[in-house]
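Visitor: mind folding the following:
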Amino acid sequence: MSDALVLVVELLGVAAFSVSGALTAVSREMDLFGVLMLGTVTAVGGGVIRDLILGVTPPATFRDPIYALVALGVSLVTFLPAVRRLFFKKKKIYDVTYLIMDTIGLAVFTVAGVRAAFNSGHADNVFLLLFVGVVTGTGGGVLRDVMCAQRPYVFIKHFYATASLIGAGVCIALWYLVGQTEAVVGGAAVVTVLRFLAARFHWKLPKAKGAGVAGENAPWNDTIE
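Guide: Residues are numbered from 1 along each chain as shown. The predicted structure follows:
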């Protein structure tokens, strides 16, 4: 897989995550700066965490401004009144757009994380490959939700981190068996299919229940929705 193609795919993921971050900011009635900040952090946050784990400093986001520029540009477009009205005209439009953008970002950055770990010389460390893949895919979304003072989507919604983990595993297996290109495409496809199936059929992992009085009186219940 050529570096040019990798860049195009990663920028697609940046744009997709920027939309999900900007939409979240708009739904929280943030101002322009907040929308730009949240869109950008969602788009590049996972990649920054990935590079720090792999010892790549400064992270790619700060060495090549194209990632941040694309994120800022897409976030700005999302903030435009006409675009906002389009997304928020009906809840169904918002929900579908959010699902598609967030799924594209998750799929692209999961396999991008695995690829970066392989190319950093860690092909023999499956645990690291999996961890970096999942962190790259979910890191930006976690930062987005924390900055919005809400429980991270990755911990409460159907098959989010789980889809990333399975997709990363498929990517690693295919990398060993058939090669890089097939691994990246296959891993991203698995993440995408699992996310859409989970949304369609409401797949969820078991949740912790019965926290009782301790849970009801926990201090974070007043600050996190």
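
Visitor: mind checking how far the longest helix along the chain is from the chain centre?
Guide: As assigned by DSSP state H, the longest helix anywhere in the chain is helix 91-119. Distance, stretch centre to chain centre, for helix 91-119: 5 Å (C-alpha atoms, centre = their mean, to the nearest Å).

Visitor: tell me which residues of it come out buried.
Guide: Of all the residues in helix 91-119, those buried under the rule 16 or more other C-beta atoms under 10 Å are 94, 97-118. Just so you know, the C-beta spots here come from the backbone N, C-alpha and C atoms, and that holds for glycine as well.

Visitor: poorly predicted segments of the protein, please.
Guide: Residues of the chain that meet the criterion pLDDT under 70 lie in 157-158, 209-225.

Visitor: give me that answer again for 50
Guide: Low-confidence segments of the chain (pLDDT under 50): 212-213, 215-225.

Visitor: where does Arg151 sit: helix, strand or coil?
Guide: Using DSSP: H, G, I helix; E, B strand; the rest coil, the structure places Arg151 in coil.

Visitor: my read: it touches Asp145, true?
Guide: Yes: the criterion here is C-beta atoms under 8 Å, and Arg151 meets it with Asp145 at 6.8 Å.

Visitor: can you pick out the residue with more neighbours from the two?
Guide: Per other C-beta atoms under 10 Å, whichever of Arg151 and Asp145 has more neighbours is Asp145, with 21 against 14.

Visitor: so who does the more buried one touch?
Guide: Taking C-beta atoms under 8 Å, 6 or more residues apart in numbering, we find Asp145 in contact with 24, 151-154.

Visitor: what is the nearest of these to Leu32?
Guide: Thr24 (14.6 Å; C-beta to C-beta).

Visitor: picking up where we left off before, looking at the contacts of Asp145, state which has the most neighbours.
Guide: Busiest of the contacts of Asp145 [other C-beta under 10 Å] is Thr24, holding 23 neighbours.

Visitor: in which helix or strand does it reside?
Guide: helix 3-27 (DSSP states H and E).

Visitor: in that helix, what's buried?
Guide: Here helix 3-27 shows 6, 9-11, 13-26 as buried, counting by 16+ other C-beta under 10 Å.

Visitor: what angle do it and helix 91-119 make?
Guide: 140 degrees (axes from the mean of the first three to the mean of the last three C-alpha atoms, to 10 degrees).

Visitor: right, and the helix or strand after helix 3-27?
Guide: Following helix 3-27 in sequence, per DSSP H and E, is helix 32-54.

Visitor: report the buried residues of that next one.
Guide: So helix 32-54, judged by 16+ other C-beta under 10 Å, has buried residues 34-51, 53-54.

Visitor: and it, what other elements does it pack with?
Guide: Helix 32-54 sits against helix 3-27, helix 60-63, helix 66-79, helix 91-119, helix 126-147, with contacts defined as 3 or more C-beta pairs under 8 Å, 6 or more residues apart in numbering; DSSP states H and E.

Visitor: give me the angle between the longest one and helix 126-147.
Guide: When you say that, I think you mean helix 91-119. Using the same axes, to 10 degrees: helix 91-119 against helix 126-147 is 140 degrees.

Visitor: now for helix 91-119, which elements pack on it?
Guide: Looks like helix 91-119 contacts helix 3-27, helix 32-54, helix 81-88, helix 126-147, helix 161-177, helix 180-201 (3+ C-beta pairs under 8 Å, 6+ apart).

Visitor: for Ile66, find the nearest of these.
Guide: Using C-beta to C-beta, the helices and strands packed on helix 91-119 put helix 3-27 closest to Ile66, at 7.2 Å.
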